[in-house]
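Chemist: Here is a sequence together with a model predicted from it:
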Amino acid sequence: MQRHTILEIPVDAIDMKGAVLRAERMLESDSFHHIITLNPEILLQANRDATYADVLRKGSMVLPDGIGLVWMGRLLGIPFRERIAGVDFMVELVRLAEQKEKTVFLLGGRNGAAQKTAEKLKQRFPKLMIDWSENADSVPNADIVFIALGAPKQELWIDANKSRLPGIKIAMGVGGAFNMIAGIHPRASHFMRSIGLEWLWRLTLEPRRIGRIGNAVIIFPFTLLSRSVWKR
């Protein structure tokens, strides 16, 4: 696995298969691991917030989530193999948990999203051992915990509470993944995802995201290219 740096934050050039294999080794270890899914908006936030940047740098595995990140990385010579969407990787981890008889906990979300997600996942993976809570003060007891509090809150929560989670092998912030898995916010078609236009689909569903989309498609490339030129 190759690790590269973008805006002073490490990110792994890895594909889905390699990421799942690495997560499998994490589950068999005796250590705590924080998996981070990185996108342009998170990078820009970390560029303004040193505390958040320090948390991201400690990630056990940092996945390239966000097509803009992958495209800009390739433009600068970073050999990203593919975008690894957080929601897709979450499902693969759940699949692995069922196979390995590991437990899963869903923390956060709103308006019943965690419960609906647990029900959907249980339908898809009948042998899965899963529990949930929307209360961020809960102390989950499981092998894998997914935290849906939004960035940067979810990553900061994981870093601040890891000492309270001694039995957990993998913790991962998943943003809006609960809503997508539960069917509250439908995902773009496979075709739109394959050509890198999932962001456009989400914008049509949630016009209030226009500021976040602008950060990803305008501010992030400008910041990254400016920093690259300055270093040269």
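Modeler: Nice, thanks for sending it over. Residues are numbered from 1 along each chain as shown.
Chemist: quick one: buried residues of the helix or strand containing residue 71?
Modeler: According to DSSP states H and E, residue 71 maps onto helix 67-75. Buried residues in helix 67-75, counted by 16 or more other CB atoms under 10 Å: 67, 68, 69, 70, 72, 73. C-beta: built from backbone N, CA, C; applies to glycine.
Chemist: same deal with stretch 35-53?
Modeler: Of all the residues in stretch 35-53, those buried under the rule 16+ other CB under 10 Å are 35-47, 52-53.
Chemist: now do stretch 92-109
Modeler: The neighbour-count check on stretch 92-109 (16+ other CB under 10 Å) flags 93-94, 96-98, 102-109 as buried.
Chemist: average pLDDT across stretch 144-163?
Modeler: Stretch 144-163 shows an average pLDDT of 96 in the prediction.
Chemist: which among the buried residues of stretch 92-109 gets closest to residue 162?
Modeler: Nearest to residue 162 among the buried residues of stretch 92-109 is residue 107, at 13.3 Å by CB to CB.
Chemist: Below-threshold pLDDT in the chain: ranges please.
Modeler: In the predicted model, the chain carries pLDDT under 70 at residues 1, 188, 191-218, 221-222, 224-225, 227-232.
Chemist: And the helices in it, which stretches?
Modeler: Taking DSSP state H to define them, one finds helices in the chain at 16-27, 40-48, 50-57, 67-75, 86-100, 113-124, 153-161, 177-182, 190-194, 198-205, 210-214, 220-231.
Chemist: Now distance to residue 131 too, for those helices, in a markdown table please.
Modeler: Below are those laid out as a markdown table (distance: least, CB to CB, whole Å):
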| stretch | distance to residue 131 |
| --- | --- |
| helix 16-27 | 17 |
| helix 40-48 | 27 |
| helix 50-57 | 26 |
| helix 67-75 | 32 |
| helix 86-100 | 12 |
| helix 113-124 | 7 |
| helix 153-161 | 17 |
| helix 177-182 | 14 |
| helix 190-194 | 30 |
| helix 198-205 | 29 |
| helix 210-214 | 31 |
| helix 220-231 | 36 |
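Chemist: Pick the most buried one from those helices.
Modeler: Of all those, helix 177-182 carries the top mean neighbour count, a mean of 24, counting by mean count of other CB atoms under 10 Å.
Chemist: Would you mind measuring from the residue nearest the centre of the chain to residue 139?
Modeler: The chain has residue 37 as the residue nearest its centroid, 3.1 Å off, counting by CA atoms, centre = their mean. Note on residue 37: its distance to residue 139, by CB to CB, to the nearest Å, is 23 Å.
Chemist: Likewise for residue 220?
Modeler: Counting by CB to CB, the gap from residue 220 to residue 139 is 35 Å.
Chemist: Next: residue 55.
Modeler: Per CB to CB, residue 55 is found 20 Å from residue 139.
Chemist: who touches residue 57 in this structure?
Modeler: 8, 9, 10 (CB atoms under 8 Å, 6 or more residues apart in numbering).
Chemist: so the second one sits right up against residue 54, yeah?
Modeler: This means residue 9. No - applying CB atoms under 8 Å, one finds residue 9 not in contact with residue 54, separated by 10.0 Å.
Chemist: Could you tell me how many residues sit around residue 150?
Modeler: Residue 150 is flanked by 13 other residues according to other CB atoms under 10 Å.
Chemist: Who are the contact partners of it?
Modeler: Going by CB under 8 Å, 6+ apart, residue 150 touches 175, 176.
Chemist: do the same with residue 79
Modeler: With CB under 8 Å, 6+ apart, residue 79 has these contacts: 2, 13.
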